[in-house]
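>>> Here is my input; please provide its structure:
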Amino acid sequence: MSKLVLFRHGQSVWNLENKFTGWVDVELTEKGIQEAKNAGEKLKGFTFDEAYTSDLKRAQETLKLALTVCGLNNIPVTNNKALNERMYGDLQGLNKAETALKFGEEQVKIWRRSFDIAPPNGESLKDTAARVIPYFEQEIIPKLKAGKNIVIAAHGNSLRALIMYLEKMSPAQILEFEIGTAVPRLYELDEQLNVLKAGNL
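Numbers count the residues shown, from 1 in each chain. Next comes the predicted model:
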């Protein structure tokens, strides 16, 4: 049996400013730093063999802070853009309220909450899953099947893709699934990667 923990980065500067962030590389806020440390407190007592994160510093910093707090900052860490947040294209850097005024609330809701409709020059959740899941299957599943414990720090939508895959959710279910900042979600998996237990720590 292996354990897999997923958690989203702590609050970023653009989370605070209510902006679409996507692939823009922004820092954590003071609150985000504290959230990352709190995640580390929740992970005390766990052992992980390897860690994975995205190519974006808000996720990397969250992982580093959490692993330092729980005393596991010596494990191998792999950064890969396959785990990056959903690319929001032309919406990146725009305030969400201003975007609703510009494009209309209904259109913005469709971009944010539909599975397969992408914003201009951006990705849908379906597109995000199409890069996250193959990477997970190729790089991480063999390690879980070998009995290794893995921790992944990433983003709301890249984690939605993974949670949908692991928990066999429908697109409608995953779109309603809220992922809080820096809240670790633990999976206990058997050798066939069936989920024996899933829940937030």
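
>>> Number of residues surrounding residue 104?
Here the neighbour count serves as a burial measure; for residue 104 (other CB atoms under 10 Å) it reads 11. Any C-beta I mention is one placed from the backbone N, CA and C, and that applies to glycine too.

>>> which residues does it contact?
The neighbours of residue 104, taking CB atoms under 8 Å, 6 or more residues apart in numbering as the test, come to nothing; the list is empty.

>>> one more time with 10 Å, if that's ok
For residue 104, the contacting residues are residue 110, taking CB atoms under 10 Å, 6 or more residues apart in numbering as the criterion.

>>> where does it fall, phi/psi-wise?
Taking degrees, to the nearest 10, you get phi 100, psi 140 for the backbone angles of residue 104.

>>> swap in residue 185?
Summarising the backbone geometry of residue 185 under the convention degrees, to the nearest 10, its torsions are phi -120, psi 120.

>>> State the distance from it to residue 10.
According to CB to CB, to the nearest Å, residue 185 and residue 10 sit 15 Å apart.

>>> neighbour count winner among those two?
Between residue 185 and residue 10, counting by other CB under 10 Å, residue 10 is the more crowded of the two (27 against 21).

>>> Pretty sure residue 153 is one of the things the more buried one touches, is it not?
Yes. Counting by CB atoms under 10 Å, residue 153 is a contact partner of residue 10 at 9.4 Å.

>>> Find the residues that touch each one of these two.
Common neighbours of residue 10 and residue 153 (criterion: CB under 10 Å, 6+ apart): 36, 39, 58-59, 61-62, 65-66, 182.

>>> Now the closest residue to residue 84 other than its chain neighbours, what are its backbone angles?
By the measure of CB to CB, 6 or more residues apart in numbering, the closest residue to residue 84 outside its immediate chain neighbours is residue 54, 4.6 Å from it. The phi and psi values for residue 54, taken as degrees, to the nearest 10, are phi -80, psi -170.

>>> Now, the shared contacts of residue 10 and residue 153 that are in helices?
With helices identified by DSSP state H, the entries of the shared contacts of residue 10 and residue 153 that belong to them are 36, 39, 58-59, 61-62, 65-66.

>>> Pick the one among these closest to residue 92.
Relative to residue 92, the closest of those is residue 58; by CB to CB it sits at 13.9 Å.

>>> neighbours of that closest one, just the number please.
30.

>>> thought it was touching residue 25?
Yes. Using CB under 10 Å, residue 58 is in contact with residue 25, at 7.6 Å.

>>> shared neighbours, these two?
When contacts are counted by CB under 10 Å, 6+ apart, the set common to residue 58 and residue 25 consists of residue 12.
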